[in-house]
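Trainee: Below: sequence and its predicted model.
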Amino acid sequence: MRSELSTAATTLLSLLMLAAGGLVWGGVTMIRRGDRTKGVLMIICAAVLVGNVLIWTV
C-alpha cells in the first residue's frame, strides 16, 4: 500500500528542509563568531526538523 503526499505536504516538507539547512549554516556561523550556545541550539533545532521530515516521509 503506497501513500502519496499531497502537493501542500510536499511543499511544506521541502521548506522544512531548506529551513534546516539555513539553521545549520547559521549555527556554524554563530559558533565561528564565538556564540557557541546559540550555534549549538540552532544545529539541534535543525536536527529536530530533519527528524520530523523523516518521520513524515517514512
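Mentor: That came through, no problem.

Trainee: Neighbours of residue 40, how many?
Mentor: 13 (other Cβ atoms under 10 Å). Where you see a C-beta, it was placed from the backbone N, CA and C, and this is true even at glycine.

Trainee: Let me see the contact set for it.
Mentor: 27, 31 (Cβ atoms under 8 Å, 6 or more residues apart in numbering).

Trainee: distance of it from residue 46?
Mentor: 11 Å (Cβ to Cβ, to the nearest Å).

Trainee: Might you list the low-confidence residue ranges for the protein?
Mentor: Along the chain, segments meeting pLDDT under 70 span 1-3.

Trainee: let's see 50
Mentor: Across the chain, the ranges flagged by pLDDT under 50 are 1.

Trainee: follow-up on the earlier one: list the residues that are in contact with both of residue 40 and residue 46.
Mentor: In contact with both residue 40 and residue 46: residue 27, using Cβ under 8 Å, 6+ apart.

Trainee: Determine the longest helix present in this structure.
Mentor: For the chain, the helix with the greatest residue count under DSSP state H is helix 7-33.

Trainee: by contact count, what packs against that helix?
Mentor: Other helices and strands packing on helix 7-33, by 3 or more Cβ pairs under 8 Å, 6 or more residues apart in numbering; DSSP states H and E, are helix 36-57.

Trainee: ok, now which ones touch residue 41?
Mentor: Listed by Cβ under 8 Å, 6+ apart, the contact set of residue 41 reads residue 27.

Trainee: Quick check: it vs residue 24, distance?
Mentor: According to Cβ to Cβ, residue 41 and residue 24 sit 12 Å apart.

Trainee: Show me the residue at the heart of this protein, geometrically.
Mentor: Centroid-nearest residue in the chain: residue 20, 2.5 Å away (criterion: Cα atoms, centre = their mean).
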